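Participant: kindly return the folded structure for what I paste below:
(chains A, B, C and D)
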Protein chains: 4
Amino acid sequence: MSSAYGERIKISIFGQSHAPAIGVVIDGLPAGETIDSDRLQAFLDRRRPGQGLHTTARKEGDVPRFLSGLVEGRTCGAPLCAVIENTDTRSRDYDNVLDVPRPGHADYTAWVKWRGHNDVRGGGHFSGRLTAPLCIAGGILLQLYERRGIAVGAHIAAIADVKDRPFPPVEITAETLQAVRERKPLAVMDEEAGQRMLAAIYDASAQGDSVGGVVECCVLGLPAGLGDPMFDGLENRIARAAFGIPAVKGIEFGAGFGAAALRGSENNDAFCIRNGQVATETNRHGGILGGISTGMPLLFRCAFKPTPSIIREQRSVRLSVMEETDLVIRGRHDPCVVTRAVPCVEAAAAIALADVLL
Amino acid sequence: MSSAYGERIKISIFGQSHAPAIGVVIDGLPAGETIDSDRLQAFLDRRRPGQGLHTTARKEGDVPRFLSGLVEGRTCGAPLCAVIENTDTRSRDYDNVLDVPRPGHADYTAWVKWRGHNDVRGGGHFSGRLTAPLCIAGGILLQLYERRGIAVGAHIAAIADVKDRPFPPVEITAETLQAVRERKPLAVMDEEAGQRMLAAIYDASAQGDSVGGVVECCVLGLPAGLGDPMFDGLENRIARAAFGIPAVKGIEFGAGFGAAALRGSENNDAFCIRNGQVATETNRHGGILGGISTGMPLLFRCAFKPTPSIIREQRSVRLSVMEETDLVIRGRHDPCVVTRAVPCVEAAAAIALADVLL
Amino acid sequence: MSSAYGERIKISIFGQSHAPAIGVVIDGLPAGETIDSDRLQAFLDRRRPGQGLHTTARKEGDVPRFLSGLVEGRTCGAPLCAVIENTDTRSRDYDNVLDVPRPGHADYTAWVKWRGHNDVRGGGHFSGRLTAPLCIAGGILLQLYERRGIAVGAHIAAIADVKDRPFPPVEITAETLQAVRERKPLAVMDEEAGQRMLAAIYDASAQGDSVGGVVECCVLGLPAGLGDPMFDGLENRIARAAFGIPAVKGIEFGAGFGAAALRGSENNDAFCIRNGQVATETNRHGGILGGISTGMPLLFRCAFKPTPSIIREQRSVRLSVMEETDLVIRGRHDPCVVTRAVPCVEAAAAIALADVLL
Amino acid sequence: MSSAYGERIKISIFGQSHAPAIGVVIDGLPAGETIDSDRLQAFLDRRRPGQGLHTTARKEGDVPRFLSGLVEGRTCGAPLCAVIENTDTRSRDYDNVLDVPRPGHADYTAWVKWRGHNDVRGGGHFSGRLTAPLCIAGGILLQLYERRGIAVGAHIAAIADVKDRPFPPVEITAETLQAVRERKPLAVMDEEAGQRMLAAIYDASAQGDSVGGVVECCVLGLPAGLGDPMFDGLENRIARAAFGIPAVKGIEFGAGFGAAALRGSENNDAFCIRNGQVATETNRHGGILGGISTGMPLLFRCAFKPTPSIIREQRSVRLSVMEETDLVIRGRHDPCVVTRAVPCVEAAAAIALADVLL
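Facilitator: Predicted coordinates for the structure are as follows:
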């Protein structure tokens, strides 16, 4: 109970930021599926740090090694395990953390839960680094989904107060998804908005501060009728996976919080016939009704809080003596995690859908 | 996989709107816990329809009968089953639904998933009526939590474009929670806002329309250190339960989507010592860091879409002939489910916390 | 965690011997399956008490009432709940049990686990009566399996020291299964052995004693390739379900404990081609290799201990004063549960296979 | 769903016989527990091959490397991952297996289940080699249990037709357990029986054949009241774990199959007061009543079939052409797995108890 997800397809993530390795076991994958290592690597590279001023300077190859589950590049039915060795770790940056928890991090809560035995180096198991095995699992699943006609893509919907244009909820295509999610330097619909986002990041960074944002994700090609009622609906599944990404503090589907201010006559999506299939004219429901897919694009947004690691002096407490103290955080940190979070949100969606798709 | 929640404490909800009964099995409750039927009934009455113009005219006693798990009013360790017989059902109102799905409802998705065998009467298993067994489970758990010093309370944070004052994130007390959640006719902090909410409901209702809203919920008294990393954090658990309530389309914790627009220096909550305990000066993290409780008030908000059942004519399709058609919905419906959803959100929180609290 | 089984198809059993009702929720059944009530009743009647001298005198109708999950006799996708009201209960027979646990029963262990709050009347949740909802679930599943060409049947392999002829492990047919499992008064291959079994039961009963026995069960028609490696093999699944029947103390598959004394050359089943399909010449593996079905008849045996409730005076302890004492058990009890256990073992097999078959 | 076990403590085993590595993830271990590597290695060495004529000649170091979950030798709350690299693999021995399944192995069933994509080398994921990560998990858990006063020990109860003296069911002590389980060359109570077992193994081996046997396991120090009713009783849990060991075909608790031939008056264990505690005079119930521990020694036995890999020519089928054929198995194999299975059974018991003990 904690870092495992799924029933038929079980995904178990392990590792700490400064442990010998991080990795994932995927149990229950269909056999005979080719895993394209290059494409997986390209997917992982999208969350890699060290790509510019707006991300941490830590250099990591993040090349997964497959320990099991593959025979000549194809799944063999046995649980697949992939690991990434942790090489570039500077543990001494974190000495102080043991006693003075960083605001906005899990240092204090992990210390209480594990009675002081938690691995504090680099955030331990709570590090954003653990999104690498999340992306390994997601990247593998996405290859399987693509073969089944299902495309998953996300973009940066907002950074600080700069908003990207949203995905068009009805007309969105797989081509658009692909183009946008891999756009450099930022995965945005509106490149001008992207420039302003970068400016917002640089500005915060220059002030020793950080910014948050929103990622919007779309799943295309889901047939109608997938999901389950009540606690295993698609919203429940995706939310459970998405809150597994550090820094996510909110999730909404379709019109989401905006729907709360609409009237029923404005929010309901009329059913229609399109290309001989039942569809809806609009898509405020985000592709899900009663927890079950309607066949329309599945759309959701995740809110990311600003990176809690900032260079500015902050107030905290010294746990050993229960006294308040000042804290200056060292180490290398992203002024904005949202830019790297785009593939993580896609991966979370992929993980959430495994039990209903495979 | 669907209407069951929990590992150590398993909650299994059953029933359809017009089946002989609806109910719940709770497996794994501690033994020796007194269940006060009157208090449970008072809790259930808060979600009962028929309390005024702003809710459906359907009359239901909603008195649960305990089939098992209790000996002389105390839990005995065996699974507890409680049922509510469905008496006031007018199935003929729903004849048309079989072929013409109602926009915004699960009629179409259930029809696809279950290949036409779904129970369409009153929404079947997707009916808001299924929140009654959800509230039985929640109401029972809340009695156990109260004995352990934990209080759960929610209020209407918004209806349509009318906003209530939020819970004060640091100073909120159990007394305030209790006063607000049971306030009549609406559970609000600001009674004047409540009056405007009622006006908004009446206004929509008079136009054959409906409104949505937001419910904010608080859990007080949680010790620090509860929850698990990654997929079993408190956010993951609560989100999975909350999306089990029909019409919920978004959830956020603490500053939530608002945090996305803040800087780290604005969003981080400084640690401090308060009453000899580690606390935070502010509470934008909503009582959860790294999925684990900090000991501060746990705060989250759920967005409810407007009731999809509206009297106005809508567009839909006739499935048997795959043709577009007009649809006028009959039957009795709430112009706003948010007023009755307050105890449901409390119940969802209670269900989500069972595995970490008991 | 306790009286629930299954992942995709979740079965949750509730009730105590003297609670208002006992019952079961089955969540995840395919929709559109007709449930034949008469056939289900005939299945339940096979475990019913009161059919002769060799079973308890307690009279029970054991007619399940369906609370949910069915529309006009067909599954509708929503969780199915069925209950049996407990009517003929004489609680005063069990007054003494509260303080003096009956040897061989769960009175003492339940008292410790639930700190004295357990329901002692009639064994509470540990009563053999709870096999009625087990059989409701099993009986329903068996109807679905039959439609898919899968037959499940069991017989009494032994009572006391009297042994029935085993099922022929390769040649066994669905017709034989059906004839044997419903044979009256005992479900045996060899009717003469059945007569001697009855004599052994009467003999023990006359002496205020009880006897145990063995039930052998066969599943026919399973295609090859079902099941999973390691912890979710068919053996693991069936064993987990079978030990859910009170009084089962052992289980073996194929040659089972007998295989331990064989050599590899004697125990291995040679593969062959039969009717154009891969088969094995013999069937000491019981239809399972590596946890996965081979397509051969699946065969297992469950050992039942003798009914612990005997009329003879026994030694026990008075818990309130921690003193040894004599105990004479009153109430109505079977001198042999094995005769009624035959459908229970079939039901356990059905429950165990639901996640791999449906 | 397959190679994972547990709810609160989740154990996920991965690897194939000839994959780069085998290993295990343990999620949910308490933090702050010291793991003694030397003692773990000593435990693993008990299942190591290459210790004499009676085991396979394959040489393996089987030294686990910890990738995560430990900080300076102590658990830190994060999931623990340990792997063993596979070095001494001769894959070409198995070329023929792809098309001609070995009798008694999972080659055929895995081929069907995974449609020909299964890893056939060395039995793939079904290899006895996968008991190494099982033993890593078990060996770690046993260290935690020992600190809590719980001892687990097994011995060879039988090989072929040679029987060891059983554990004394009431008087068994932790000292006896320790002495017996580590006895060389065989873990037996009666060393003379051990000599005859060796002779039986050598005799079979000389004839190109193999033998099976029985392992008896004891858990000492369990307090009364652990376990759950029905599907999560200790028998259910242990059986589910034990059938995860390849070659196990039966399990029995206490008097087991022998109880089936006893009368109630012979099988019931009278309660008594011993050292001020409730105990039973005898222990035919094997320490479990109603699925819950009584506080008496927990005793169970597992039946192992003879190693299916034998040198003698056998009959099988050529799958590609669906024709019968002769098969001679090459490679290195144990004439008897029972000698190495002793720690595996202890490990399975340890895994089964994790959710109730930690």
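Participant: how about the residue in the stretch 151-300 of chain A positioned nearest to chain B, what does it touch?
Facilitator: Of the stretch 151-300 of chain A, the residue with the smallest distance to chain B, taken as C-beta to the nearest C-beta, is residue A:290 at 2.5 Å. (Glycine included, C-beta is placed from N, CA and C.) Residues counted as contacts of residue A:290 (C-beta atoms under 8 Å, 6 or more residues apart in numbering or on different chains) are A:229, A:233, B:105-106, B:109-110, B:126, B:246.
Participant: apply 6 Å and report the result again.
Facilitator: Neighbouring residues of residue A:290 by C-beta atoms under 6 Å, 6 or more residues apart in numbering or on different chains: B:106, B:109, B:126.
Participant: can you tell me which of the residues you listed is nearest chain D?
Facilitator: When the contacts of residue A:290 are compared for distance to chain D (C-beta to the nearest C-beta), residue B:109 comes out closest, at 25.5 Å.
Participant: isn't the closest one up against residue A:291?
Facilitator: No: counting by C-beta atoms under 6 Å, residue B:109 does not reach residue A:291; the two are 8.0 Å apart.
Participant: for those two, indicate the residue with more neighbours.
Facilitator: When residue B:109 and residue A:291 are compared for neighbours, residue B:109 comes out ahead with 29 against 26, by other C-beta atoms under 10 Å in any protein chain shown.
Participant: burial check on the nearest residue to the more buried one once chain neighbours are set aside, number of neighbours?
Facilitator: Spatially, and ignoring its direct neighbours in sequence, residue B:109 is nearest to residue A:292 (3.6 Å; C-beta to C-beta, 6 or more residues apart in numbering or on different chains). Residue A:292 sits with 25 neighbouring residues when counted by other C-beta under 10 Å.
Participant: tell me the contacts of residue A:292?
Facilitator: Contacts of residue A:292 (C-beta under 6 Å, 6+ apart): A:227, B:109, B:113.
Participant: now the residue of chain A found nearest chain C, nearest residue through space, not along the chain?
Facilitator: For chain A, the nearest residue to chain C under the criterion C-beta to the nearest C-beta is residue A:7, separated by 4.5 Å. Counting by C-beta to C-beta, 6+ apart, residue A:7 lies nearest to residue C:7, which is 4.5 Å off, once chain neighbours are set aside.
Participant: so the one you found touches residue A:6, yeah?
Facilitator: No: between residue C:7 and residue A:6 no contact is recorded; they are 9.9 Å apart, counting by C-beta under 6 Å.
Participant: how about the residues of the stretch 1-150 of chain A by chain D?
Facilitator: Proximity of the stretch 1-150 of chain A to chain D, by C-beta under 6 Å from any C-beta of the partner chain, involves residues A:1-4, A:8, A:10, A:12, A:14-16, A:19-21, A:25, A:27-28, A:31-32, A:67-68, A:71, A:76-79, A:81, A:114, A:117-119, A:125.
Participant: quick one: low-confidence parts of the stretch 201-350 of chain A?
Facilitator: A:331-332 (pLDDT under 70).
Participant: ranges for the strands of it?
Facilitator: Listed in chain order, the strands found in the stretch 201-350 of chain A under DSSP state E, counting those that start in this stretch are A:213-220, A:248-253, A:271-274, A:277-280, A:288-289, A:292-293, A:298-304, A:314-318, A:323-327.
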